[in-house]
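>>> pasting the structure only:
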């Protein structure tokens, strides 16, 4: 775009298109999940046979492809299958944010409902005959046939700090995971798909029985990979690199990056002890927890080790609360899936309210022995999900009394599951400080359909608001400009939280602060805005250079 008006039009349209896509995906995804256990002939959206079985059951509707995250021979549990779908979206966003206009990715999002996960994407104009890069059969046949595409994927690999390596039975050099597919579509465009293994896995543990699952589920974060001193092979430890003579070198480099992450965990624990050692800043810490971990390339599954290194009891309590909330989310999702199977095609909304109401009352201690038994098992569940979560603890039985508060726990569980109390019930719950409060069916809202998406709509909305604010400022509509700038900063903050490795977010945010500063009369306010502009600009530079140690929040 050449002018601000063209830029405003582009970002407004992008936000609208992305919002329309998410609305349609959410609507159809909810229908697909609701009808999972109906007979095929009775489904509103029947399944289709496209691609391989590992990708899960697939559905086509209104030019959109839906893939149900389903256990398979590699990942045999629902939680792991959902994580693989999450990696697919994360990988897609990483390649999209490389910013190569000739390398196309589909609009995509994830829908969570009733314990199931579906990934939705635009249906691409490709088929089995359009493949020019990667492998669709586990490395038996690997392609890298188009020089122009090779230049694009090489540039993307350099951007993501991924290493070229030999892949498959014929030892073909690739610059990505072996099962990332590149296609020339029937419209002549280059497309990428199947991003679930875009980044290397954690080094395998001694228990080889879990390796196949962990190789798909426990990946290094993109921030850690980009911050590595050397490029890393996403096929390290996998069968795709079985004929690569440098296989051992690739694996040693991933091990070094992984060990570097553990050092970062120790450093972060020390920083948190110094910065948030009292309850004064605890609310701020809770808000920033996930973003701070991801900025440092640390997966949430390492909160247990973090807690082990932290000495501040308030910090340890918040970390424990977050871990317990995620265990509870998995338990609720498991119960919802069971209810779906039991109810088959007659599982109405009220049945799921009963499931969630009962589990919430178990958490609150309202169901006597059932509550006591549930909290007794919490320690084992925490240790299975979060390494070193309870290391050096004398007992596993005092977990409920060690969390930051039952109100904090319930708020987190609501956010993670989409199972919210009504506003009136929540008010009464807060007033009772979470004590002696029995949850009724009437206290439950209908189960929310959760959507995790690319941040296109958020960033485009932020940029559009910024441009509108700048236009209002030029027209001397200062009150309007102030409101628009404030709203733009809120959207930029959301965009930064949703995707921490997007330099464009911080670049546009910096420009917004700079323009606002240049049009502010008050000298003190101007200096504050310029400092914000400088910090966001530094964050953009850090992302481009692969240094995530200092990022604005």
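That came in fine, so what should we check first? Everything quoted here is computed from the prediction, not taken from an experiment.
>>> and the strands in the stretch 301-450 of the chain?
Counting by DSSP state E, counting those that start in this stretch, the segments of the stretch 301-450 of the chain that form strands are 450-453.
>>> what's the burial count for residue 46?
By other CB atoms under 10 Å, 15 other residues sit near residue 46. (Each C-beta comes from the backbone N, C-alpha and C, glycine too.)
>>> distance between the lowest-mean-pLDDT helix or strand in the chain and the chain's centre?
Confidence across the helices and strands of the chain bottoms out at helix 282-295, with a mean of 81, counting by mean pLDDT, DSSP states H and E. Between the centre of helix 282-295 and the centre of its chain there are 15 Å (CA atoms, centre = their mean, to the nearest Å).
>>> in it, which residues are buried?
For helix 282-295, burial by neighbour count (16 or more other CB atoms under 10 Å) applies to 282, 285-286, 289, 291-295.
>>> in what helix or strand does residue 204 lie?
Mapping residue 204 onto the secondary structure by DSSP states H and E places it in no helix or strand at all.
>>> over to it: give its phi and psi.
According to degrees, to the nearest 10, the main-chain angles of residue 204 amount to phi -70, psi 150.
>>> and the gap between it and residue 286?
Residue 204 sits 33 Å away from residue 286 when distances are taken as CB to CB, to the nearest Å.
>>> quick one: the strands in the stretch 1-150 of the chain?
In the stretch 1-150 of the chain, the strands defined using DSSP E, counting those that start in this stretch lie at 47-48, 58-61, 64-68, 103-104, 108-113, 116-122, 131-134, 143-144.
>>> what's the closest of those strands to residue 5?
When the strands of the stretch 1-150 of the chain are ranked by proximity to residue 5, the top entry is strand 103-104, at 26.2 Å, counting by CB to CB.
>>> pull the residues that contact the closest one.
95, 152-153, 156, 185, 189-192 (CB atoms under 8 Å, 6 or more residues apart in numbering).
>>> same thing with stretch 518-531?
Outside of stretch 518-531, the residues within contact range by CB under 8 Å, 6+ apart are 473, 481, 513-514, 516-517.
>>> circling back to that earlier point, the contacts of strand 103-104: which two are farthest apart?
The widest separation within the contacts of strand 103-104, taken as CB to CB, falls between 156 and 185 and amounts to 17.6 Å.
>>> would JSON lines of the strands of the stretch 1-150 of the chain with mean neighbour count be doable?
Below are the strands of the stretch 1-150 of the chain laid out as JSON lines (neighbours: other CB atoms under 10 Å):
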{"stretch": "strand 47-48", "mean neighbour count": "14"}
{"stretch": "strand 58-61", "mean neighbour count": "19"}
{"stretch": "strand 64-68", "mean neighbour count": "21"}
{"stretch": "strand 103-104", "mean neighbour count": "18"}
{"stretch": "strand 108-113", "mean neighbour count": "23"}
{"stretch": "strand 116-122", "mean neighbour count": "23"}
{"stretch": "strand 131-134", "mean neighbour count": "21"}
{"stretch": "strand 143-144", "mean neighbour count": "17"}
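>>> next, format those as CSV and append distance to residue 254 and mean pLDDT.
Written out in CSV, the entries for these read as follows (distance: least, CB to CB, whole Å; pLDDT from 0 to 100):
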stretch, distance to residue 254, mean pLDDT
strand 47-48, 37, 93
strand 58-61, 32, 95
strand 64-68, 28, 96
strand 103-104, 25, 96
strand 108-113, 26, 96
strand 116-122, 26, 96
strand 131-134, 20, 97
strand 143-144, 22, 96
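>>> would you show me how to pick out the buried ones of the contacts of strand 103-104 in ChimeraX?
A single ChimeraX command suffices to select whichever of these are buried according to 16+ other CB under 10 Å:
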select :95,152,153,156,190,191,192
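>>> reformat the contacts of strand 103-104 as JSON lines; add pLDDT and distance to residue 117.
Putting those into JSON lines (pLDDT from 0 to 100; distance: CB to CB, whole Å) gives the following:
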{"residue": "95", "pLDDT": "94", "distance to residue 117": "21"}
{"residue": "152", "pLDDT": "96", "distance to residue 117": "30"}
{"residue": "153", "pLDDT": "97", "distance to residue 117": "28"}
{"residue": "156", "pLDDT": "95", "distance to residue 117": "27"}
{"residue": "185", "pLDDT": "97", "distance to residue 117": "27"}
{"residue": "189", "pLDDT": "97", "distance to residue 117": "29"}
{"residue": "190", "pLDDT": "98", "distance to residue 117": "28"}
{"residue": "191", "pLDDT": "97", "distance to residue 117": "23"}
{"residue": "192", "pLDDT": "97", "distance to residue 117": "21"}
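>>> in CSV, list the contacts of strand 103-104 along with secondary structure and distance to residue 7.
Formatted as CSV, the entries for the contacts of strand 103-104 read as follows, by DSSP: H, G, I helix; E, B strand; the rest coil; distance: CB to CB, whole Å:
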residue, secondary structure, distance to residue 7
95, helix, 24
152, helix, 25
153, helix, 29
156, helix, 25
185, coil, 28
189, coil, 23
190, strand, 25
191, strand, 26
192, strand, 26
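>>> which one of the contacts of strand 103-104 is nearest residue 398?
residue 95 (45.6 Å).
>>> that closest one contacts residue 106, correct?
No: counting by CB atoms under 8 Å, residue 95 sits too far from residue 106 to count as a contact (11.1 Å).
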